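**Student:** dropping a prediction and its sequence here:
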Amino acid sequence: MLPIGLVLAFLMGIAQSSLISPLRLGGASPDLVLLFVVAYVLVRGVGEGAFVALVGGLALDFTSGGPFGLSIVLLIAVAWIAGLGEMNIFRTARFLPFLAAIAAVAAYYALYGLALHLFGHPLGGWAFIWRLVLPKILVNLLLVPIVFGLMRWLGKRPAGPTVEIP
């Protein structure tokens, strides 16, 4: 499953930077890689999810104008945060993907804003939250059923043949 996840994360990163970023709803574009990382962690665990975050972050960093490595670090942090849902007693609850997506988007952009501030880019305070973070949360919530449905389907597929070493 991990090789498929790595390829999908890379392709989603390229698609997000080139095809999806111009699509805007309420001034915000979806964060496909971020949602995929969260879905991957909830279905397959934080160990594999961190690798998916690394590859997805690399794809985003190669195609963005931001500081190189920032997407990688933020997506791995989000994978860890989403991994807290693994230990949650509500893991099988239907609302968990939505709560995890809200927490992931909020954490990602809070850390992103902090990093930009540390690099000397002014954010505009509450305007950053009202104009970027909240619309991003709403747009990404619309994609949760699609991305999490895809990940659940991939997670249920039978694994290929395995080789056991004595």
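**Tutor:** Looks like it came in fine.
**Student:** and whatever helix or strand residue 38 lives in, what does it pack against?
**Tutor:** For residue 38, the enclosing helix or strand under DSSP states H and E is helix 32-44. Judged by 3 or more Cβ pairs under 8 Å, 6 or more residues apart in numbering; DSSP states H and E, helix 32-44 is in contact with helix 2-15, helix 46-63, helix 70-83, helix 96-118, helix 134-156. Where you see a C-beta, it was placed from the backbone N, CA and C, and this is true even at glycine.
**Student:** ok, now how distant is the closest residue to residue 6 other than its chain neighbours from residue 4?
**Tutor:** Nearest residue to residue 6 in three dimensions, chain neighbours excluded: residue 55, at 4.8 Å (Cβ to Cβ, 6 or more residues apart in numbering). Plainly put, residue 55 is 12 Å away from residue 4 if you go by Cβ to Cβ, to the nearest Å.
**Student:** between these two, tell me which one has more neighbours.
**Tutor:** Neighbour tally, residue 55 and residue 4, criterion other Cβ atoms under 10 Å: the higher count belongs to residue 55, 22 against 12.
**Student:** so what's that one up against?
**Tutor:** 6, 9, 10, 13 (Cβ atoms under 8 Å, 6 or more residues apart in numbering).
**Student:** counting neighbours, what do you get for the last one?
**Tutor:** Read that as residue 13. Quick note: residue 13 (other Cβ under 10 Å) scores 25 neighbours.
**Student:** need the contact list for the closest residue to it other than its chain neighbours.
**Tutor:** The shortest distance from residue 13 to any non-neighbouring residue, by Cβ to Cβ, 6+ apart, is to residue 59 (2.5 Å). Applying Cβ under 8 Å, 6+ apart to residue 59 gives the contacts 9, 10, 11, 12, 13, 14, 16, 17, 33.
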